[in-house]
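I'd like to go over a predicted model; first the sequence, then the structure.
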Amino acid sequence: MLPEEQDHAPKGEETFHVWRLLGFIGLICVVLAVASFLVDWAVVGPLEGRVI
């Protein structure tokens, strides 16, 4: 006995949101940049002590 066929896609909104994806990727980049800055600041120290 085979199960009834099911729809694989939702019947409501089926469009792909490119701007939502780009916003999510941008948010991830910002979070990684802030985390990198905090780790760098904690390991190397404030900008005053760096050699230019």
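It's in.

Alpha carbons only: can I get stretch 27-41 in PDB?
Output for stretch 27-41, consisting of C-alpha atoms alone and laid out as PDB, is shown next (Å, rounded to 0.1, in the frame of the first residue of the first chain):
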ATOM      1  CA  LEU A  27      24.700  40.100   9.200                       C
ATOM      2  CA  ILE A  28      27.000  37.100   9.600                       C
ATOM      3  CA  CYS A  29      29.900  39.100   8.200                       C
ATOM      4  CA  VAL A  30      29.300  41.900  10.600                       C
ATOM      5  CA  VAL A  31      29.100  39.500  13.600                       C
ATOM      6  CA  LEU A  32      32.300  37.800  12.500                       C
ATOM      7  CA  ALA A  33      34.100  41.200  12.100                       C
ATOM      8  CA  VAL A  34      33.000  42.300  15.600                       C
ATOM      9  CA  ALA A  35      34.100  38.900  17.100                       C
ATOM     10  CA  SER A  36      37.500  39.200  15.200                       C
ATOM     11  CA  PHE A  37      38.000  42.800  16.500                       C
ATOM     12  CA  LEU A  38      37.200  41.700  20.100                       C
ATOM     13  CA  VAL A  39      39.600  38.800  20.000                       C
ATOM     14  CA  ASP A  40      42.300  40.900  18.400                       C
ATOM     15  CA  TRP A  41      41.800  43.700  21.000                       C
END
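
Pull out the buried residues from it.
Residues of stretch 27-41 classed as buried by neighbour count (16 or more other C-beta atoms under 10 Å): none. For glycine as for every other residue, the C-beta is placed from the backbone atoms N, C-alpha and C.

I'd like the mean pLDDT over that stretch, please.
Predicted confidence along stretch 27-41 averages 94 (mean pLDDT).

Residues in contact with it: which ones?
Counting by C-beta atoms under 8 Å, 6 or more residues apart in numbering, stretch 27-41 makes contact with no residue outside itself.

could we number from 12 for the rest of this?
New numbering, starting at 12: the last item is stretch 38-52.
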